[in-house]
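Let's see this in three dimensions:
(one chain, ligands or ions: 1)
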Amino acid sequence: MGLNIIGSVEKVNGSEISYSDFATKYLSKNEPVVITGLMADWKATRDWVHDDGIPNLQFISSNFGKSKVQVADCGSREFTDQKRFEMSVAEFIDHWLNVSSVEHGNLYLKDWHFVKEYPEYTAYTTPLFFCDDWLNLYLDNYQMHEDHDTYQKRDNISCSDYRFVYMGAKGTWTPFHADVFRSYSWSANVCGKKKWYFLSPEQCHLVFDRNMKNSVYDIFEEVDDTIFPNFKKTTWLECTQDQNEIIFVPSGWYHQVHNLEDTISINHNWFNAYNLSWVWDLMLRDYKEAREYIEDIKDICDDFEGLCQRNLAANTGMNFYDLFNFIVRFSFANIVQLCYLAKSSVSAKWCASPITQNLIFNLESAKDIAEKMKFRCVSENYNISLDIRSVLEEHAFLELCFQLERTYAFIHDKHEPIGDKKTFLIDDLLDMGLCKLLSTVVCNPDDLVNLIDDTLQNLVILPHKV
Ligand SMILES: O=C(O)CCC(=O)C(=O)O
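Predicted coordinates for the structure are as follows:
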């Protein structure tokens, strides 16, 4: 039985929609959309594609051939994903050019951290709509895991950022899944054509087995009704994404993707104030699962909670400590930014400016997550003790603040020169009488909630949504 397709994903011209329209219609409503007209001046679209739309594999091989990448064999399944192995880009391209698709079994290069490896090349610039990206902004300055020894290898290889290049011949595909952390993603076709099939989050329970443990792997294979009894009730959106089109994939939408032609795409995962709650909800669900899995050794385990958190990080890519650390530093950066705006403003109108409102919205969403975290773990589990004064001494934090400032100036079209990150230091905050704010120590979610409340009360009166 085929899929019950009930509609297709809307397409809009990127030059005809403002950031705030995009945020209201798609980020906030969590709806997919395809955006055209945003890739014309990318170096990737010039260098990586021949005039007839065929990928310029020779260019990629001779310039980036030495990179080691993950390649999926689309013909073989391993657990919930395709079997993967590592090879160089040159080897992958060699295969693609010299071996027929029947023989090479449809190899698909995935999750190539291209920007991390070749930052100087500037293959593309992230479109405005996707710039409010807390995940990659944070990872550009910090590691996700504080426990460097345990996670160093994993961090270096797979957690360095969530900006990827995908390359695959016609026929390669990605199995049915929802994205890491239930983040948003965007995917831009530098060349080629993809077919997407989407299932809305409201229907996701229908693709799981009776125990809600396993989901369907390939929506086009014969789905066994006795294992997945509700699959037949699902209704789908489809989308054909052409060259130079970018698709926005909202949080928690399961999808399966097929390359209809030889295709190269650029793909980011990210989250921000609009979808942070998705990240926490998934983490909590995964935490409960990790706990349940080892429940029977609880009584003989010295540090059962620690083991649950280590397993959670291994399965999900981050755990409660990582997320909390992230949220605390990110909140500090937003608070510093608010202080900076307050200091440099000449009238009370600064409170109503789009940038101020965006920062407040960010802090409100961080506070919402901290409120939820409060009930999930005893305070010592978070194992941190941070105050703005000492964090301001971290080079990485100053860089984070600076990048945050640049990001919101760009998103909200602020043309005045932005501050120099090196000049806004502890003395400025002291000058503003923010001594207490500076030295408030955050050890647990409660502290963060109080800090955010205090900041919003002291600096601005009425919070609004952006
Ligand atoms: O392009 C693909 O093959 C998969 C991309 C994807 O699943 C995603 O962006 O979430």
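
which helices and strands does the helix or strand in which F248 is found pack with?
Element membership of F248 [criterion: DSSP states H and E] is strand 245-249. Contacting strand 245-249 under the criterion 3 or more CB pairs under 8 Å, 6 or more residues apart in numbering; DSSP states H and E are the following elements: strand 33-36, strand 184-191, strand 194-199. Quick note: C-beta positions are derived from backbone N, CA and C, even for glycine.

try 10 Å
For strand 245-249, the elements it packs on are strand 11-13, strand 33-36, strand 184-191, strand 194-199, strand 236-241, strand 254-259, strand 263-270, judged by 3 or more CB pairs under 10 Å, 6 or more residues apart in numbering; DSSP states H and E.

so which of those strands gets nearest V115?
Using CB to CB as the criterion, the shortest distance between V115 and the helices and strands packed on strand 245-249 is 8.9 Å, found for strand 263-270.

tell me the mean pLDDT over whichever helix in the chain runs longest?
Scanning the chain for the helix with the most residues, using DSSP state H, yields helix 320-344. For helix 320-344, the mean pLDDT works out to 91.

who touches the residue in the chain positioned nearest to the ligand in this structure?
Among the residues of the chain, T174 lies closest to the ligand, at 3.5 Å counting by CB to the nearest ligand atom. Listed by CB atoms under 10 Å, 6 or more residues apart in numbering, the contact partners of T174 are 72, 74, 81-82, 108, 110, 166, 168, 194, 196, 255-259.

what residues are up against D431?
Taking CB under 10 Å, 6+ apart as the test, what D431 contacts is K343.

Which residues of the chain lie near the ligand?
Those residues of the chain that sit near the ligand, judged by CB under 6 Å from any ligand atom, are Y166, T174, D179, S185, S187, K194, V249, H255, V257, S265, N267.

what about this structure, any weak spots by pLDDT?
Within the chain, the stretches with pLDDT under 70 are 1, 100-105, 146-159, 377-382, 415-425, 460-466.

can you list the domains in it?
Per automatic domain parsing, the structural domains of the chain span 5-129+161-270, 276-459.

Would you mind getting the angle between the helix or strand that contains R310 and helix 320-344?
For R310, the enclosing helix or strand under DSSP H and E is helix 304-316. When axes from the mean of the first three to the mean of the last three CA atoms, to 10 degrees is applied, the directions of helix 304-316 and helix 320-344 differ by 80 degrees.

buried set for stretch 390-403?
Judged by neighbour count using 16 or more other CB atoms under 10 Å, the buried positions of stretch 390-403 are V391, L392, F397, L398, E399, L400, C401, F402, Q403.

With stretch 236-256 instead?
Applying a neighbour-count criterion of 16+ other CB under 10 Å, one finds 236-237, 239, 241-256 buried in stretch 236-256.

wait, what's in contact with the nearest residue to V9 once chain neighbours are set aside?
Take V9 and drop its neighbours on the chain: the residue closest to it by CB to CB, 6 or more residues apart in numbering is C239, 3.8 Å away. Contact criterion CB under 10 Å, 6+ apart gives 7-11, 32-34, 194-198, 245, 247, 249, 255, 257 as the residues in contact with C239.

and the helix or strand harbouring N358, which residues are buried?
Assignment of secondary structure by DSSP H and E places N358 within helix 354-374. Neighbour-count burial for helix 354-374, with 16+ other CB under 10 Å as criterion, is recorded at 355-363, 365-370, 373.
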